[in-house]
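Colleague: Could you work out the structure for the sequence below:
(one chain, ligands or ions: 1)
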Amino acid sequence: MIALCGGVGGAKLAFGLARAVAPQDLTIVVNTGDDFEHLGLSVSPDIDTVLYTLSGLSDRERGWGRTGETWGFMSALRQLGGEDWFNLGDRDLAMHVERSWRLRAGESLSQVTARTARTLGIGTAIVPMSDAPVRTVVETAQGPLSFQRYFVEARAEPRARAIRFEGAEAARPSPAFAAALDRRDVAAVVVCPSNPYLSVDPILAVPGVRDRLAALGAPVVAVSPIIAGQALKGPAAKLMAELGAEPGVLAVARHYRGLATGLVIDQADAGDAAALRAMGVTPHVTGTIMHSDEDRTRLAQETLRFAADLSAPPRAVAAHGGP
Ligand code: FO1
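Modeller: Take a look at the predicted model:
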C-alpha cells in the first residue's frame, strides 16, 4: 500500500492506515514542497506532522507541532528582534536542529527521517517524496511567495494565480518511494485528505511518479479533503475557487482525473454521488471527519475495503433474485 500525504488532515488518515496495515505493507510518502530553510535550520513541516501524529506526540488542537509545547525560544527571539513570523516551539526546535546538522553532515532527508521514525517507535515507513529539494511557490496577485511565506506569514490571504514546484523537474523519488513504486504487490494507492494543490500535486510533480503509480495496476482512491464545499482546515477551498474550480467533491474528482478511480466523500456530499459516477469515478459515502483515533482507524479500514472492492472483478449478479 502506498499513501500520498501532506500535513494535518493527511497525517490523521496516515495514523489510521498505520494501525490498519502491517508495517511491511505500507509506505507513507510525504510532501516536501513545504520544506524550507529558516533561521539556518532545515524545516520539514509535513514530515514532522506525520512523525508527531504517528508517535502520539502531536498537538491535536493545532494539528502541527508537539503537544505540551513551550515557546521560550520564540519569546527570546522576539526580544532580540529576530524573525518571529514562523513559530518554532522549544521541543519542536530539537527536531529541526537534529535534522539540520545531520543533513549538513551528508545524511539524506530519507535517512534522517527513517532514523527519527525508528527512535520515536514508529514501525511504518515514512518517506519523503524526494531527497532533492522541491520548493512550492504560490504566484499571487502580490507576486511570487514561497510556500510558508504564503501559508503562515500571509495567512493564505493573497489571491493565488498559479502554483509551481521549484526543483521538481530535477528531483527523483526518494529510494524508499522508488522501491515502493517498483513493487508488484501494491494492494492500493491512497491519496490522503490533504490539499490537492499544495500537498499532493508536489508529489505528483516528481518526474515519473504519476505514470509509475498508474503502472502499478492497483486501485487508486482519494479521500476528499473538501466537505460541503469547505476544507476542514487550510485554504484548499479558497484555492480551488481562485484557480477556477467550484469548491466541492466534483472538483476534487476532476483534479485527480486519470489517477484516482475511487473517491471517498462525506455524507454531507452524498448528493454528488451520481454526478461522480457519471464522471467515471466510483464514490464511497461515509463520515470523513476524524476527531478520535477510532475515527481515523475506521476511515482507513473503510477506505482499504473500498479500494479492494474497486479492484475485485464485478460480482456475478444472480439471474433470479433469491435462492
Ligand atoms: N503553521 C502556522 O499556521 N503557523 C506557524 O507558525 C507554524 C509553524 C510551524 C512550525 C513547524 C512545523 O512543523 C509546522 C508549522 N506550521 C505552522 C504548520 C505548517 O506551516 C503547515 O502545516 C504545513 O506546512 C502545511 O501542511
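Colleague: got the residues of the stretch 51-200 of the chain near the ligand?
Modeller: Where the stretch 51-200 of the chain comes near the ligand, counting by CB under 6 Å from any ligand atom, the residues are 64-65, 86-88, 92, 148, 151-152, 199. Where you see a C-beta, it was placed from the backbone N, CA and C, and this is true even at glycine.
Colleague: Filter the residues you listed down to just the ones in helices.
Modeller: With helices defined by DSSP state H, the entries of these inside them are 92, 148.
Colleague: Just to be sure, Glu61 is in a helix?
Modeller: No: if the criterion is DSSP: H, G, I helix; E, B strand; the rest coil, then Glu61 is coil and not within a helix.
Colleague: before we move on, which element is Phe165 in?
Modeller: Remark: Phe165 resides in strand 160-166, with elements defined by DSSP states H and E.
Colleague: Sorry, wrong one. I was asking about Thr113.
Modeller: Per DSSP H and E, Thr113 falls inside helix 109-119.
Colleague: List the buried residues of that helix.
Modeller: 109-110, 112-114, 116-117 (16 or more other CB atoms under 10 Å).
Colleague: Can you check what angle separates the helix or strand following the strand holding Phe165 from helix 109-119?
Modeller: Under the assignment DSSP H and E, the closest C-terminal helix or strand after strand 160-166 is helix 175-182. Computed by axes from the mean of the first three to the mean of the last three CA atoms, to 10 degrees, the angle separating helix 175-182 from helix 109-119 equals 90 degrees.
Colleague: ok, back up a step: who touches the helix holding Thr113?
Modeller: Contacts to helix 109-119, defined as CB atoms under 8 Å, 6 or more residues apart in numbering, come from residues 32, 44, 47, 51, 54-55, 95, 98-99, 102-103, 107, 124-128, 131, 174-176.
Colleague: pLDDT averaged over it - what is it?
Modeller: The average of the pLDDT scores along helix 109-119 is 98.
Colleague: Redo the buried residues of helix 109-119 as JSON lines? Include distance to Phe306.
Modeller: Listed next are the buried residues of helix 109-119 as JSON lines, based on distance: CB to CB, whole Å:
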{"residue": "Leu109", "distance to Phe306": "32"}
{"residue": "Ser110", "distance to Phe306": "30"}
{"residue": "Val112", "distance to Phe306": "34"}
{"residue": "Thr113", "distance to Phe306": "29"}
{"residue": "Ala114", "distance to Phe306": "30"}
{"residue": "Thr116", "distance to Phe306": "32"}
{"residue": "Ala117", "distance to Phe306": "27"}
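Colleague: Tell me the residue of this protein that sits nearest the ligand?
Modeller: In the chain, no residue comes nearer to the ligand than Gly7, which is 2.6 Å away by CB to the nearest ligand atom.
Colleague: Do a quick rundown of the helices in this structure.
Modeller: Taking DSSP H as the criterion, the chain contains helices spanning 8-20, 45-54, 72-79, 90-104, 109-119, 147-148, 175-182, 201-204, 209-215, 236-242, 249-255, 273-278, 293-311.
Colleague: who does the last one touch, helix- and strand-wise?
Modeller: Translated: helix 293-311. Secondary-structure packing of helix 293-311 (3 or more CB pairs under 8 Å, 6 or more residues apart in numbering; DSSP states H and E): helix 8-20, strand 189-191, strand 220-223, strand 262-266, strand 282-286.
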